[in-house]
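Trainee: mind looking at a prediction? Sequence and model below.
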Amino acid sequence: MDLELKGRTYVITGGSDGLGLATARRLAAEGADVAICGRDKTRLGAALSVLEGLPGGSIGVQADVREVADLDNLVDRTLDRFGHLDGVMNNAGQAAAGAFEGLDDAEILADHELKVMAMVRLTRAALPHLKERGGAVLNSLAASAKAPVAGSLPTSASRAAGLAWTKAMAQELAPAGVRVNAILIGYIDSDQWVRAAQRADQSYDAYTAALAQRLRIPMGRLGRSEEFADVASFLLSPRASYVTGASVNVDGGFSPVP
């Protein structure tokens, strides 16, 4: 399927590795221009080397998504380089889960700032330009947004808030031609599992196979970042022109809530 991405421009936060970089690579391979951001300059440079040579253009902007000025600069740099903006993927985040009794206010507020307010602020900054192009917003969330479990705070609460924002914004912005969707991930291959396997003195394949079995993931394995990127690219593309307000599980059947 041709996703009709050639000549379109997208901003991806948390784009220097993992799901963000995989999506940027997929979009650029389809001919889209991408602007990725991250806090670490070295990792950002390494990510740009991955994108080099693909049909679509790419830029990297050092940014902390918790800073309004950095987000405004990200949008401005994207427009300066590519001239327009067709979509944003709010993907910044980090692991933050534990028992409620161990959480203090500062941890809860910090997680909300990173995962919710950054999403709100980037969407706000991009919105005038998305309206011009009939663009899309995609929020990268987690299965715990629909089905939180013990020990998943504060991230499950932040992700649930992100889902509520997604649903409400989708209804408000649809008349302006802007679509808003979310992907809810389960367990995806990442460096954290590589490190966990090393600590357990196991091979990565053996460790993640046992993990999938322990978590009772119906598909029997962890997901791959490329599988996330395929779904994300479709939802950002014009081929998903009648899809808004959707929350798509990419979790191998892990979540009990569809």
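Mentor: Now that the structure is in, tell me what you want to look at.
Trainee: quick one, strands of this structure?
Mentor: 9-12, 33-38, 58-62, 87-90, 97-98, 136-142, 153-154, 179-185, 247-250 (DSSP state E).
Trainee: mean pLDDT lowest where, among those?
Mentor: The minimum mean pLDDT among the strands of the chain belongs to strand 97-98 (a mean of 88).
Trainee: could you chop this protein up by domain?
Mentor: 9-188+224-249, 189-222 (automatic domain parsing).
Trainee: what is the end-to-end distance of stretch 135-150?
Mentor: This stretch, stretch 135-150, spans 37 Å end to end (Cα to Cα, to the nearest Å).
Trainee: same check, this time on stretch 245-258
Mentor: 14 Å.
Trainee: gap between that stretch and the chain center?
Mentor: 15 Å (Cα atoms, centre = their mean, to the nearest Å).
Trainee: burial measure for the closest residue to Asp86 other than its chain neighbours, as a count.
Mentor: Leaving aside its sequence neighbours, Asp86 sits nearest to Arg8 (Cβ to Cβ, 6 or more residues apart in numbering; 4.2 Å). (Each C-beta comes from the backbone N, C-alpha and C, glycine too.) The number of residues packed near Arg8 is 25, by other Cβ atoms under 10 Å.
Trainee: distance check, Arg8 against Leu85.
Mentor: Using Cβ to Cβ, to the nearest Å, we find Arg8 at a distance of 9 Å from Leu85.
Trainee: again with Gln198
Mentor: Taking Cβ to Cβ, one finds Gln198 at 40 Å from Leu85.
Trainee: between these two, who's got more neighbours?
Mentor: Leu85 (24 against 12).
Trainee: residues near the closest residue to that one other than its chain neighbours, how many?
Mentor: The shortest distance from Leu85 to any non-neighbouring residue, by Cβ to Cβ, 6+ apart, is to His129 (4.1 Å). Using other Cβ under 10 Å, His129 has 19 other residues around it.
Trainee: doesn't His84 make contact with His129?
Mentor: Yes: the criterion here is Cβ atoms under 8 Å, and His129 meets it with His84 at 6.7 Å.
Trainee: residues in contact with the residue nearest to Glu132 when sequence neighbours are not counted?
Mentor: Nearest residue to Glu132, sequence neighbours excluded (Cβ to Cβ, 6+ apart): His84, at 7.2 Å. His84 makes contact with Thr9, His129, Glu132, Arg133 under the criterion Cβ atoms under 8 Å, 6 or more residues apart in numbering.
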